[in-house]
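Peer 1: Sequence plus the predicted model coming up.
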Amino acid sequence: MVDEVRRTWERVLGAVRAPARTRGERSAGGSRIFGGGKAAEGRGSRGGRRHNLFEAAAAYVSACAEDDQDGIEEAAGWVSPEALSFGVNELACRAVIALARERDESPRAVARALLGLPAA
């Protein structure tokens, strides 16, 4: 089951990363939600590059799954805590939906199974 979740997670990350970069690059000033603008200036650590909330969420959750404390701290510094929370929530929703479609089950059933809860 863990391998199935990992494969689904990798597909979701691939789907999220490409559109997220495109949005961030198109935006001249950026928005606070997508990690641009004055609120996020200087937050990026790689050569002054700014990160959007979807990149931060993907990196943060991946680091959590791998128990990589340095990665967690780095990703958490890319955007505001509120933006990171929103991104992690959006990523969780997309992952559950993708896995539910793959399994032909309801998102509720998949979410409960992933958390080890009994079927409702």
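Peer 2: Happy to help now that I have it.

Peer 1: counting contacts, what elements does the one helix or strand F86 maps to pack onto?
Peer 2: Using DSSP states H and E, F86 sits within helix 81-103. Using 3 or more C-beta pairs under 8 Å, 6 or more residues apart in numbering; DSSP states H and E as the contact criterion, the elements in contact with helix 81-103 are helix 2-26, helix 53-65, helix 107-114. Heads up, the C-betas are built off the backbone N, CA and C, glycines and all.

Peer 1: Does A63 touch W78 like I think?
Peer 2: No. Under the criterion of C-beta atoms under 8 Å, A63 makes no contact with W78, lying 11.6 Å away.

Peer 1: more crowded one of the two?
Peer 2: Set side by side, A63 and W78 give different neighbour counts by other C-beta atoms under 10 Å, the larger being at W78 (25 against 18).

Peer 1: got a pLDDT number for the more buried one?
Peer 2: pLDDT, W78: 95.

Peer 1: quick one: it and G87, what's the gap?
Peer 2: The spacing between W78 and G87, counted by C-beta to C-beta, to the nearest Å, is 10 Å.

Peer 1: what residues are shared contacts of these two?
Peer 2: Taking C-beta atoms under 8 Å, 6 or more residues apart in numbering as the contact criterion, the common neighbours of W78 and G87 are A56.

Peer 1: ok, back up a step: for the helix holding F86, buried residues please.
Peer 2: By 16 or more other C-beta atoms under 10 Å, the buried positions in helix 81-103 come out as A83, L84, F86, G87, V88, L91, R94, A95, V96, A98, L99, A100.

Peer 1: Ignoring the adjacent residues along the chain, who's closest to the second one?
Peer 2: In space, not counting the residues next to it along the chain, L84 is nearest to A56; the distance is 5.5 Å by C-beta to C-beta, 6 or more residues apart in numbering.

Peer 1: Now do the contacts for the one you found.
Peer 2: So, once contact is read as C-beta under 8 Å, 6+ apart, A56 ends up touching G35, A75, A76, W78, V79, A83, L84, G87.

Peer 1: quick one: what helix or strand has the fourth one in it?
Peer 2: So that's W78. W78 is located outside every helix and strand, with elements delineated by DSSP H and E.

Peer 1: Which secondary structure element of this structure has the lowest mean pLDDT?
Peer 2: Lowest on mean pLDDT, DSSP states H and E among the helices and strands of the chain sits helix 2-26, with a mean of 53.

Peer 1: Fine, thanks again, bye for now.
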